[in-house]
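*Asks:* What shape does this take:
(one chain, ligands or ions: 1)
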Amino acid sequence: MRLPAITPSCSATAFVLDRLRHGLVALACAASLANSGDALAQAPAAAPTFHRDIAPLLQRHCEKCHRDGGAGPFALVEYADVAGVAAMVGEVVAQRRMPPWHADRSIGRFANDPSLPEAALATVAAWVAAGAPEGDRRDAPPPRAWASGWSLATPPDLVLTTPSFTVPAEGTLPYQYVRLATGLTEHRYVRAAEVKSVHPEVVHHSLVFQSEGRGARVARPSANEEGAAAGSSPAGETEAARTAAIERPWRPGFNQLELMQGAKPHEIPQWNARFMAMIRRDLRYGESGGLNGYFLSGLAGGGAVEFEPDEGKFLAAGSDLIVQLHYQPIGKATESSTSIALWFAEGARPRALDTRGVATVVFAIPPGASDHAVSAEYRLPVAATLRSLQPHLHLRGRSFTYVARYPDGREETLLHVPAYDFNWQHEYVLAERKELPEGTVLRVTAHFDNSAENPANPDPSATVYFGLQTHEEMLIGYFEVTWRPGE
Ligand code: HEC
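*Replies:* The predicted structure is shown next:
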């Protein structure tokens with residue numbers, strides 16, 4: 001059998017432009033392969049083959065998204081799927097555009113880094129250069145089984161689903177908020193969770209907040225325990241809500257003024273006036289809204305988040321989950337709903353994980369500015385163990401860095417994302433947990449590109465301020481820790 005040699009003329013960018021009709025583009029790419037004949041005959045005997053060398057790599061690094069029902073635009077499972085796009089696969093792998101991962105590999109190590117090892121890059125390059133030979137089917141690894149429902153082997157303990165929502169073909173939508181009652185009668189620790197949307201391509205992000213409801217808020221003990229008890233109206237207050245307020249693991253309070261950092265004192269009222277309505281709306285949800293942190297998030301690429309056996313997220317009895325949905329129209333009206341699956345920890349109480357944000361709303365990115373820097377800081381009020389980091393910017397986001405400044409003055413870069421990509425809101429899970437002493441300052445710095453050179457920029461002539469929509473900007477450095485008060 002003769003295989004066509006692959007020409008590099010099958011451009012990867014065609015896919016970006018026409019990702020929805022990827023099937024057609026894949027055909028066009030296949031048709032553009034020049035049948036130059038003896039590529040196989042000339043390939044060295046040791047040339048990698050699809051079944052023996054490439055299929056295992058695709059299974060491990062690509063199939064999660066590139067399979068039927070995955071987040072990727074086409075399957076990369078069978079030889080027939082891959083043969084026609086081999087040149088493009090070679091290109092995205094060589095450039096490390098796929099699998100998507102945006103951290104600078106020289107800084108920190110991350111448990112969820114999906115990158116191909118160097119040796120695998122060479123294998124893919126050699127395979128493409130050899131004309132993408134199929135090889136012997138008997139060398140193929142057994143097909144990888146993908147759960148059709150949730151990603152974990154055991155069924156979830158609780159699944160909550162938002163009502164179906166029709167995303168219109170065009171326009172921008174305000175965030176949608178949906179409240180879902182957990183119906184829990186006991187406090188639980190979440191040991192794993194998965195957030196999944198029907199038609200994930202219309203869901204830019206989903207953030208899940210926890211709300212203990214009005215009853216719980218009334219019951220939360222104040223500094224003066226007795227006064228609170230006397231003053232609290234029992235209406236809506238359940239025993240569970242009351243104990244949640246008492247048993248809830250320690251977490252820092254939220255000071256709205258931190259969102260004003262970077263402003264000179266006399267400017268604060270102006271910034272406040274400009275954004276307060278928007279911030280207040282956000283603050284209503286969960287524990288001070290998405291600027292301050294979240295309970296769970298639906299991440300690009302999907303899959304479940306699983307915590308270490310001794311870590312979990314505290315979910316109070318009787319609480320509701322509030323799902324913040326940021327929909328993005330894709331040119332045709334599309335119905336979507338989002339489900340949250342939770343697996344609860346059994347037995348010993350794990351250490352409680354808490355996701356918080358370092359953020360500021362004080363910035364104005366000038367028109368055309370190609371490298372506008374904005375920073376924000378957060379001083380840890382108690383010692384903490386760091387699990388993960390998650391930068392959040394919008395379309396002008398260019399790069400993102402987290403630096404820890406320890407109480408002894410030493411500084412350490414924890415994460416550097418040199419080419420931030422709005423489409424990939426990765427959570428970077430540290431390979432080894434990092435102990436941050438009390439008083440450590442987390443500083444996040446983002447650079448924004450508001451120039452016409454930024455292909456994602458919707459309007460280089462605009463001065464860009466903080467805002468919820470993607471044509472506005474944000475600077476949030478989420479970090480997930482277990483707090484260690486008193487250590
Ligand atoms: C986390 C999900 C995910 C993983 C893992 C992943 N991809 Fe993708 N891939 C996507 C998505 C989504 C797109 C379309 C949007 C884009 O290009 O960013 C894409 C696009 C592509 C394209 C089209 C070219 C392009 O730039 O748009 C190729 C080729 C590709 N992926 C190959 C691979 C290969 C090879 C692997 C494994 C080595 C891989 N992908 C792993 C999600 C993924």
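
*Asks:* Surely Ser164 is in contact with Thr338?
*Replies:* No: taking contacts as Cβ atoms under 8 Å, Ser164 lies outside contact range of Thr338: 9.9 Å. Yep, even glycine has a C-beta here, placed from its N, CA and C like the rest.

*Asks:* Let me see the domain layout of the protein.
*Replies:* 13-139, 150-251+287-349, 257-265+351-487 (automatic domain parsing).

*Asks:* does the first one come close to the ligand?
*Replies:* The reference is to domain 13-139. Yes: counting by Cβ under 6 Å from any ligand atom, the ligand is contacted by domain 13-139 at 15-16, 19, 61-62, 64-66, 71-73, 76, 85, 88-89, 92-93, 97-100, 114, 116.

*Asks:* List only buried entries from the residues you listed.
*Replies:* 15, 61-62, 64-66, 72-73, 76, 85, 88-89, 92-93, 98-100, 114, 116 (16 or more other Cβ atoms under 10 Å).

*Asks:* so of these, which ones are in helices?
*Replies:* Per DSSP state H, helices hold the following members of those: 15, 61, 88-89, 92-93.

*Asks:* Make CSV from these and add distance to Pro367 and pLDDT to it.
*Replies:* CSV is the format used below for these (distance: Cβ to Cβ, whole Å; pLDDT from 0 to 100):
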residue, distance to Pro367, pLDDT
Phe15, 31, 32
His61, 40, 95
Met88, 36, 97
Val89, 39, 98
Val92, 33, 97
Val93, 37, 97
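
*Asks:* got any ranges where this structure has weak pLDDT?
*Replies:* Across the chain, residues meeting the criterion (pLDDT under 70) sit at 1-45, 213-246, 283-289, 299-301.

*Asks:* Give me every residue in it that's in contact range of the ligand.
*Replies:* 12, 15-16, 19, 61-62, 64-66, 71-73, 76, 85, 88-89, 92-93, 97-100, 114, 116, 301, 423.

*Asks:* coming back round to it: nearest to Glu201, of the ones in helices among the buried ones among the residues of domain 13-139 next to the ligand?
*Replies:* Phe15 (14.0 Å; Cβ to Cβ).

*Asks:* how about the helices in the stretch 1-150 of the chain?
*Replies:* Using DSSP state H, counting those that start in this stretch, the helices of the stretch 1-150 of the chain run over residues 13-17, 22-31, 39-42, 55-61, 79-83, 86-94, 118-129.

*Asks:* Give the partner strands of the helix or strand just after the longest one in its sheet and their orientations.
*Replies:* To tie it back to what came earlier, the one meant is helix 118-129. Next along the chain after helix 118-129, taking DSSP states H and E as the criterion, comes strand 158-161. Its sheet considered, strand 158-161 pairs with strand 338-344 (antiparallel) by DSSP bridges.

*Asks:* Next secondary structure element downstream of the partner strand?
*Replies:* strand 351-359.

*Asks:* Note down every partner strand of the next helix or strand after that following strand and its orientation.
*Replies:* Moving toward the C-terminus from strand 351-359, the next helix or strand (DSSP H and E) is strand 372-379. Sheet pairing here is set by DSSP bridges, and for strand 372-379 it gives strand 441-448 (antiparallel).

*Asks:* packing partners for the helix ranked longest in the chain?
*Replies:* Counting residues, the longest helix found in the chain (DSSP H) is helix 268-283. On a contact count with 3 or more Cβ pairs under 8 Å, 6 or more residues apart in numbering; DSSP states H and E, helix 268-283 meets helix 289-292.

*Asks:* Quick one: name whatever helix or strand follows the helix it packs on.
*Replies:* Per DSSP H and E, helix 289-292 leads on to strand 293-294 as the next helix or strand towards the C-terminus.
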